[in-house]
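1. Have a look at this prediction, sequence included:
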Amino acid sequence: MAQAPKKIIVENSDFADVNQVEIPDALLLIGNVRVNHDGIIMTCNKAYYFQNENYIKAFGNVQMVQGDTLFLNSKYAEYNGNLKKAFASGDAVMSSPDATLETEVINFDRNIQEVFYDTPGTIVNKDNVLKSNAGRYFVTEKKFKFLTAVTITNPTYVIKSNHLDYYSNSGHSYLFGPSTITSKANYIYTEKGFYDTKKNLAHFLNKSYIKYDDRVIRGDSLYYDRNREFASATRNVKITDSVNRGIIKGHYAELYKKLDSVFVTKRALAVNFVENDSVYIHGKKLMVTGKEGDRIIRAFNNVRFFKTDMSGKCDSIHSSSKTALTKMIGNPILWNGKSQITGDIMHLIGNNTTKKLDSLKVLSNTFIVSRDTIGTGFNQVKGQNLYGKFEEGKLRDVDIIKNAEVIYYMRNDAQELIGINKNVSSKINLLLDKNEIETITFFQQVDGDIFPESELPENARKLRGLVWRGEEQIKSKDDIFPAEEDEENAKIVKETKSAEVKIPVPLKIRKETLNYDKKPKSAKAEKVK
């Protein structure tokens, strides 16, 4: 059998009376009124107590207290002892140890321990001020739930959402649906996220991004530490640099705002826009450091790059926007059109005024090689150092300095072989047109000749140190990735598409939220021997 509702007990009243004319069937209580019902205490200036209905109406300085955790103050209130439901209006204020809610009307259902309001309300929780048009408070969980426009204002940032769960004890916020977090430091957008307002730590999913002054970082999963101004992103990461017109991609990235530093790995790719063309740079690891105008890009381990008419490989790259100097470090090789260029040290130099590629410098053991247009031979230029000038992004004027050697297959307009030019000189100048050698000029101490093909044996047609690496040439932006990274990327792309098809899963509430006020279990006492 269901238990009969407990009666409201009047514990105190300065004056009591019955007036059947004005308030039929009610007991009039006036002055220091105090009533008790199943663990809730109500005090007020005046009350009408309908004993048959187990119902009370309270007026003036009304306060309802449940235990030591919930206080409900208002000008007017009603309480139904049978239903265990309370209604408070007129400057209604609900207080708990963690937060205070102010609104016009508050309803409290003691059966399910829920407080709800449908009038504009303000919640103050330490440094956070929450404003919404409606909300619900779960007393046991210490959780506010908002399903209409809500704003959390903090001295540092402002959170806006149409669906937000806020735990007043821990300060944990769970964001569902389009939500924004705005501060002087950045602007954050998410459709599924967690934010710890006490520790300033966050985790965002679903179409989330963090926008700084000049950068936007996106990823399937974003972690953010506001105190350190640190962000990390995992899977399908994309960092856009609006000032330098660059993009960095990968499947893991770290961004340190205070250090102006970005680190990317797992199929790392930097895309920079130069002269209406895109330069693609890949390395196992990419680092971008420094402020605008003094930015350095570093790429490490098996570095490869590609642009429309040029590509290259080396162990690492160091590129400075301040000096417009890009150093290819460790076994550098450059392909310019059909020409292969190698040397011990290789520098690409830009022009900061025109923002165009200006010149190329190759030091020690310089070699330029290209296949003869028809035969199986190789056009070769060898020397100590190389200095080249670019015009409109294409290598145009090249000087080979010191110990210069040439083997060149000379053909007429009908592509018939005239002879093979084999020469040595102090300096050689090459003029290129459409990335192919147009003229060769020899300077000082020229020694050599043009040989008919029959007079120059095969073993004399290669300069010492020639290594043709044409099969390694990077011919598209897709060639810059090793096979194993392509395989891993294909797997991630497949998983991403699969996840997009699935029904969205609500953000799981964290253990640290649910266990925030719970004391850790003490270790079991050792057994007495």
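-> Everything's here; your move.
2. tell me which strands and helices the longest helix anywhere in the chain is in contact with?
-> Ranked by number of residues, the top helix in the chain under DSSP state H is helix 483-501. When contacts are defined as 3 or more Cβ pairs under 8 Å, 6 or more residues apart in numbering; DSSP states H and E, helix 483-501 sits against strand 230-241, strand 246-256, strand 261-274. In this view, the C-beta of every residue, glycine as well, is placed from N, C-alpha and C.
3. Can you pull out the residues in contact with it?
-> Judged by Cβ atoms under 8 Å, 6 or more residues apart in numbering, the contacts made with helix 483-501 from elsewhere in the structure are 220, 235, 236, 251, 266, 267, 481.
4. Look up how far residue 178 lies from the last one.
-> Using Cβ to Cβ, to the nearest Å, one gets 34 Å for the distance from residue 481 to residue 178.
5. okay, those two: which has more neighbours?
-> Neighbours were counted for residue 481 and for residue 178 using other Cβ atoms under 10 Å; residue 481 has more, 18 against 14.
6. List the residues that contact that one.
-> With Cβ under 8 Å, 6+ apart as the criterion, the residues that contact residue 481 are 267, 269, 282, 304, 489.
7. per-residue confidence at the nearest residue to residue 227 once chain neighbours are set aside?
-> Of all residues not flanking residue 227 in the chain, residue 200 sits nearest, at 5.0 Å (Cβ to Cβ, 6 or more residues apart in numbering). You'll see residue 200 listed with a pLDDT of 92.
8. ok, now residue 526?
-> The confidence metric pLDDT takes the value 45 at residue 526.
9. got it, and residue 17?
-> Looking at residue 17, its pLDDT is 89.
10. What about it, how many residues nearby?
-> As a burial measure, the neighbour count of residue 17 was computed by other Cβ under 10 Å and equals 11.
11. can I assume the residue nearest to residue 227 is in contact with residue 229?
-> No - the pair residue 200 / residue 229 is not scored as a contact, 10.0 Å apart, by Cβ atoms under 8 Å.
12. Check which helix or strand residue 421 maps to.
-> Assignment of secondary structure by DSSP states H and E places residue 421 within strand 417-433.
13. Could you list the buried residues of that strand?
-> Of all the residues in strand 417-433, those buried under the rule 16 or more other Cβ atoms under 10 Å are 417, 419-425, 427-430, 432.
14. could I get those as CSV with pLDDT and distance to residue 466?
-> What follows is the buried residues of strand 417-433, written out as CSV (pLDDT from 0 to 100; distance: Cβ to Cβ, whole Å):
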residue, pLDDT, distance to residue 466
417, 83, 20
419, 87, 20
420, 86, 14
421, 84, 16
422, 87, 13
423, 86, 16
424, 88, 15
425, 87, 18
427, 88, 20
428, 88, 16
429, 89, 21
430, 86, 17
432, 83, 20
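15. Output the residues you listed as a markdown table; include the columns distance to residue 13.
-> Supplementary listing: these in a markdown table, determined by distance: Cβ to Cβ, whole Å:
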| residue | distance to residue 13 |
| --- | --- |
| 417 | 121 |
| 419 | 124 |
| 420 | 120 |
| 421 | 119 |
| 422 | 120 |
| 423 | 119 |
| 424 | 119 |
| 425 | 118 |
| 427 | 113 |
| 428 | 113 |
| 429 | 111 |
| 430 | 109 |
| 432 | 105 |
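16. Point out where the stretch 251-400 of the chain drops to low pLDDT.
-> Along the stretch 251-400 of the chain, the parts satisfying pLDDT under 70 run over 274-275.
17. And the strands in it, which stretches?
-> Listed in chain order, the strands of the stretch 251-400 of the chain (DSSP state E, counting those that start in this stretch) span residues 261-274, 277-289, 296-307, 310-320, 325-329, 333-336, 339-342, 345-351, 356-371, 378-391, 394-411.
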